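Trainee: Could you work out the structure for the sequence below:
(one chain, ligands or ions: 1)
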Amino acid sequence: ENLTEESMRMIDRRAKALGPAYRLFYSNPVEVKSARGVLLYDSRGDEYLDAYNNVVSVGHSHPRVVEAITRQLGTLCTHTRYLQNGIVEYAESLLPTFTDNIKHVMFTCTGSEANDLAMRIAQYHTGKSGIIVTSEAYHGNSHLTAGFSPSLGENSPLGTWVRRVPAPDSYRRDPADLGLWLAGEVARQIEDLERRGQGVAAFIADSLFSSDGIYSEPTNLLGPVAEVVRKAGGLFVADEVQSGFARSGTHFWGYARHGIRPDIITMGKPMGNGYPVAGVAVAPDVIESFGNDQRYFNTFGGNSVAMAAAQATFEVIRDECLQQNSERVGFIIKQGLTDLMDKFDFIGDVRGSGLYIGVELVEERAQKTPSSSRALQVVNALRERRVLISATGFHSNTLKIRPPLVFAEAHADRLLTEIEAVFRTCFGGSK
Ligand code: PMP
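Mentor: This next block holds a predicted model:
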């Protein structure tokens, strides 16, 4: 499919105006004009199936969220230093969804800011500086969070207080002892941090390990890790930016799949269905010294409109039973993809929970050799058929399927049909 002249000119103008640090998706970029539910429309009015956008989790342009934002914007939008009911009401709605050690929630605009604040709190509370992450983690774009986001690549320097542990690769390691193995890796990094007088302030992880390659199973991994970290005086921080707000289907929060009680929980992306709103939830003892000795102010964080967007999004997830939909439709997609393994030898593994699914592509199943080129080809070929997904992991060889939570069974069928068609046209028939 050829881009319109206007889109081609826009690519040029964009590069000139925005500079060299931005990237576009797909070798043939998509120019989007509008969206509704799980469908995006380009400048020609052609329709795309959005199987990637987890931000608009209750669907693009959801009328209830649009109405809440518009109404609030026409009434009042201001910061958190005046008394307003919206922020209190939203905090009170959210707090009962966490484990009961979590009693407060603070608001930011982005996930990066949330993780930045979480680490300031963790370092201040513990008096230690070390932060441990998984080897391809992404936690944000601020100076501090980029310093513990190794997925930004080897040219983006990590902090001297940062240590990495390998991702829990359930495809290549025995899942039975993965939890103890990961806890052992964390313990080794803690020893190193202690030897250097830094100590461990926090272990932070996304429980779906999205940028590491999506490892949703086993769910007994994080318990042993939390134990090792706490024994050394550090905190367990659950980064729920990807896995939170019903994404995993079985639970509202991803960490809950592992049955753990985090000390700090960070969240963002889907929280306002596209309106920038993010947050940090904490246990009282963890925030006490920071709260007493320091102050927190964020001009836009927790503003009136952000809270209206978040409240409406939260209510839609509940009223439209989107967690159940995520579990049900996610299962159908996962099952359909697993069935394709009989036909295509290059599908190494199908993983995921709810509407967060990874399909690891390999050269041949017997060797498990990651195939970046196959994944790239599939992602671009699907785009040509107007189905949008992406790829993740160190080798970018795991297809990343992560649609809005309103994805229906008919959308799942279309997605599976298109994936099978692309597998066949790109790599030939059955094995
Ligand atoms: N944590 C995780 C796990 C993320 O995936 C992201 C964004 N991709 C962030 C933090 C940062 O969030 P934001 O882009 O809103 O700053």
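
Trainee: Identify the residues contacting the helix or strand containing residue 310?
Mentor: Using DSSP states H and E, residue 310 sits within helix 304-319. For helix 304-319, the surrounding residues in contact (Cβ atoms under 8 Å, 6 or more residues apart in numbering) are 57-58, 62, 64-65, 67-69, 71-73, 75-78, 84, 86-87, 89-90, 93-94, 107, 109, 245-246, 270-277, 300, 322-323, 405. C-beta coordinates here come from the backbone N, C-alpha and C atoms, glycine included.

Trainee: now swap in stretch 331-339 and tell me
Mentor: Outside stretch 331-339, the residues within contact range by Cβ under 8 Å, 6+ apart are 249, 347, 350, 352, 355, 357, 359, 401, 409, 412, 415-416, 419.

Trainee: Most neighbours among those, which one?
Mentor: Ranked by neighbour count under the definition other Cβ atoms under 10 Å, the contacts of stretch 331-339 are headed by residue 355 with 30 neighbours.

Trainee: my read: it touches residue 408, true?
Mentor: No. Using Cβ atoms under 8 Å, residue 355 makes no contact with residue 408, being 11.2 Å away.

Trainee: Next, show the common contact partners of these two.
Mentor: Joint contacts of residue 355 and residue 408 (Cβ under 8 Å, 6+ apart) are residue 329.

Trainee: ok so, going back, same question for the helix holding residue 310: list its buried residues.
Mentor: Within helix 304-319, the residues scored as buried using 16 or more other Cβ atoms under 10 Å are 304-314, 316-317.

Trainee: same check, this time on stretch 63-72
Mentor: Buried positions in stretch 63-72, judged by neighbour count with 16+ other Cβ under 10 Å: 64, 65, 66, 68, 69, 72.

Trainee: before we move on, what about stretch 360-372?
Mentor: So for stretch 360-372, counting by 16+ other Cβ under 10 Å, buried means 360, 361, 362, 363, 370, 371.

Trainee: thinking again about what came up before, filter the contacts of stretch 331-339 down to the ones close to the ligand.
Mentor: Residues shared between the contacts of stretch 331-339 and the neighbourhood of the ligand: none [Cβ under 6 Å from any ligand atom].

Trainee: Inside helices: which ones of these?
Mentor: The members of the contacts of stretch 331-339 that map onto helices under DSSP state H are 409, 412, 415, 416, 419.

Trainee: Which pLDDT value goes with residue 429?
Mentor: If you check residue 429, the pLDDT there is 66.

Trainee: again but with residue 3, I slipped
Mentor: So residue 3 comes in at 84 (pLDDT).

Trainee: Use 692 as the first number for this chain going forward.
Mentor: With 692 as the first residue, the last one maps to residue 694.

Trainee: which residues touch it?
Mentor: So residue 694 contacts 702, 719, 720, 722 (Cβ under 8 Å, 6+ apart).

Trainee: same thing with residue 1017?
Mentor: Taking Cβ under 8 Å, 6+ apart, one finds 937, 938, 939, 940, 1045, 1046, 1096 in contact with residue 1017.

Trainee: For the stretch 892-1041 of the chain, which residue gets nearest to the ligand?
Mentor: In the stretch 892-1041 of the chain, no residue comes nearer to the ligand than residue 932, which is 3.6 Å away by Cβ to the nearest ligand atom.

Trainee: of the contacts of residue 1017, closest to residue 843?
Mentor: Top of the list for closeness to residue 843, among the contacts of residue 1017 and by Cβ to Cβ, is residue 938 at 22.9 Å.

Trainee: okay, the helix holding residue 1001 in PDB with CA atoms only?
Mentor: Extracted in PDB, the C-alpha atoms of helix 995-1010 (Å, rounded to 0.1, in the frame of the first residue of the first chain):
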ATOM      1  CA  SER A 995      -9.100  18.300  38.200                       C
ATOM      2  CA  VAL A 996      -9.400  17.000  34.600                       C
ATOM      3  CA  ALA A 997      -6.900  14.200  35.200                       C
ATOM      4  CA  MET A 998      -8.900  13.000  38.100                       C
ATOM      5  CA  ALA A 999     -12.200  13.200  36.100                       C
ATOM      6  CA  ALA A1000     -10.600  11.100  33.300                       C
ATOM      7  CA  ALA A1001      -9.200   8.600  35.800                       C
ATOM      8  CA  GLN A1002     -12.500   8.200  37.700                       C
ATOM      9  CA  ALA A1003     -14.500   7.700  34.500                       C
ATOM     10  CA  THR A1004     -12.000   5.200  33.100                       C
ATOM     11  CA  PHE A1005     -12.000   3.300  36.400                       C
ATOM     12  CA  GLU A1006     -15.800   3.200  36.400                       C
ATOM     13  CA  VAL A1007     -16.000   2.000  32.800                       C
ATOM     14  CA  ILE A1008     -13.600  -0.900  33.500                       C
ATOM     15  CA  ARG A1009     -15.900  -1.900  36.300                       C
ATOM     16  CA  ASP A1010     -19.300  -1.300  34.700                       C
END
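
Trainee: ok now that helix, how far from the chain's centre?
Mentor: 19 Å (Cα atoms, centre = their mean, to the nearest Å).

Trainee: what does stretch 930-947 give?
Mentor: Put simply, stretch 930-947 sits 9 Å off its chain's centre (Cα atoms, centre = their mean).

Trainee: And stretch 790-809, by the same measure?
Mentor: Counting by Cα atoms, centre = their mean, stretch 790-809 comes out at 15 Å from the chain centroid.

Trainee: Could you list the contact residues of the stretch 692-841 of the chain toward the ligand?
Mentor: Near the ligand, when you scan the stretch 692-841 of the chain using Cβ under 6 Å from any ligand atom, you find 801, 802, 803, 806, 829, 830, 831, 832.

Trainee: Name the residue of this protein with the shortest distance to the ligand.
Mentor: Counting by Cβ to the nearest ligand atom, the chain gets nearest the ligand through residue 802, at 2.4 Å.

Trainee: If we ignore the residues flanking it in sequence, what's nearest that residue?
Mentor: residue 959 (3.3 Å; Cβ to Cβ, 6 or more residues apart in numbering).

Trainee: Tell me the confidence at the residue nearest to residue 697 when sequence neighbours are not counted?
Mentor: Of all residues not flanking residue 697 in the chain, residue 734 sits nearest, at 6.6 Å (Cβ to Cβ, 6+ apart). Per-residue pLDDT puts residue 734 at 86.

Trainee: still on that earlier bit, can you tell me which of the buried residues of stretch 754-763 end up in helices?
Mentor: Those of the buried residues of stretch 754-763 lying in helices (DSSP H): 755, 756, 757, 759, 760, 763.

Trainee: Dump these to TSV, plus pLDDT.
Mentor: Shown next, in TSV, are these (pLDDT from 0 to 100):
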residue	pLDDT
755	98
756	98
757	98
759	98
760	98
763	98
